[in-house]
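**Q** Quick one: sequence plus predicted model below, questions after.
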Amino acid sequence: MIDNTAQPTSSSRAQRFFTLVWRIDALLLLGLGVALATTVMVSLISQALSSTHVSDAVELNVSPARQRPAELGLAELTESGQPGWLMAALHSQQPGDSLGYGSSAKFQTNAVRNLFFYQPASGASRWLFAGNGQVVLAQTPEAEHKEAERRWRWYEIVSQDSNQDGLLDRDDQHRLVISKLDGSAQRTLLAAFDRLETINLTGDQLVVLVRQQDRTHLYQYDLAAAKLVREQVIDFGKS
């Protein structure tokens, strides 16, 4: 009887060998990829947990033993909205205690303390505030002060530690301040409120809603005439 069973040839054995080697290489590469991805993920999580948490709060009355001087610096000069005038925010950076997520997390303030206005053609310059004792929480958005009818800028600031917690931050009483686009004619419109809810500034007319003592107040100003046009409490009605 003739045995018709095919005998493996040297070429088929070589093909099987290379297939096995290829599969082993694929498994090794897959394992290496998983290990690399795990290492990167662990590194990113570690960096996130130890990263610096930035706040616009400013710490006051720091004891000499913990004193870390704030560093002041001007940001990039940009158009102020007034033709020929530029402006830059003055920032203060002050390291603080370990706070946040994990024992290695750090806390750092990066607050706007003042605004600098400069006219390149004449060399004239001015500061919005006489000193740097306040924190500017918000101001006219960049897009708004470039509009053709815009003549004023508004600023939401904190200048007093009203709750006496040693910080100038959003938990203190806020002030609403305005100025011309070149930083001149600065004055206070609202001296004390809890939170700015919304604001609209068109031409010389400014309408603002603020939160005061758990009630929402509306104020309307004619900035050119420097007068309060209307004030009312907004009644939300029943829920």
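**A** Cool, got the structure.

**Q** And the contacts of the strand or helix carrying Ile199?
**A** Using DSSP states H and E, the element containing Ile199 is strand 195-202. Strand 195-202 is contacted from outside by 138, 140, 144, 149-150, 152, 154, 156, 170, 174, 176, 206-211, 216, using CB atoms under 8 Å, 6 or more residues apart in numbering. No exception for glycine: its C-beta is placed from N, CA and C like everyone else's.

**Q** Also stretch 217-229?
**A** Residues contacting stretch 217-229 (CB under 8 Å, 6+ apart): 151-152, 178, 187, 189-190, 193, 204-211, 230-234.

**Q** Averaged pLDDT, it. What do you get?
**A** Per-residue pLDDT values across stretch 217-229 average out to 95.

**Q** how about it: buried residues?
**A** His217, Tyr219, Tyr221, Leu223 (16 or more other CB atoms under 10 Å).

**Q** Between those, which sits nearest Ala124?
**A** Checking the buried residues of stretch 217-229 against Ala124 by CB to CB gives Leu223 as the nearest, at 22.8 Å.

**Q** other SSEs contacting whichever strand in the chain runs longest?
**A** Determined from DSSP state E, the single longest strand within the chain is strand 106-119. Secondary-structure packing of strand 106-119 (3 or more CB pairs under 8 Å, 6 or more residues apart in numbering; DSSP states H and E): strand 52-55, strand 58-59, strand 86-95, strand 124-127, strand 135-139.

**Q** Just checking, which helix or strand of this protein averages the lowest pLDDT?
**A** The helix or strand of the chain with the poorest confidence is strand 52-55; it has a mean of 46 (mean pLDDT, DSSP states H and E).

**Q** Look up how far Gln82 lies from Ser184.
**A** If you measure Ser184 against Gln82 using CB to CB, to the nearest Å, the figure is 9 Å.

**Q** What subset of the contacts of strand 195-202 is buried?
**A** For those, buried by 16+ other CB under 10 Å: 138, 140, 144, 150, 152, 154, 156, 170, 174, 176, 206, 208-210, 216.

**Q** Leaving out chain neighbours, which residue sits closest to Ser125?
**A** Distances taken as CB to CB, 6 or more residues apart in numbering put Tyr118 closest to Ser125, at 4.6 Å, once the chain neighbours are dropped.

**Q** and if you look at Phe116?
**A** Here the residue nearest Phe116, using CB to CB, 6+ apart, is Ala88, at 4.9 Å.

**Q** How confident was the prediction at that neighbour?
**A** 95.

**Q** go on, Asn61?
**A** 52.

**Q** Run the angle between the longest strand of the chain and strand 135-139 for me.
**A** Between strand 106-119 and strand 135-139, the angle comes out at 70 degrees (axes from the mean of the first three to the mean of the last three CA atoms, to 10 degrees).
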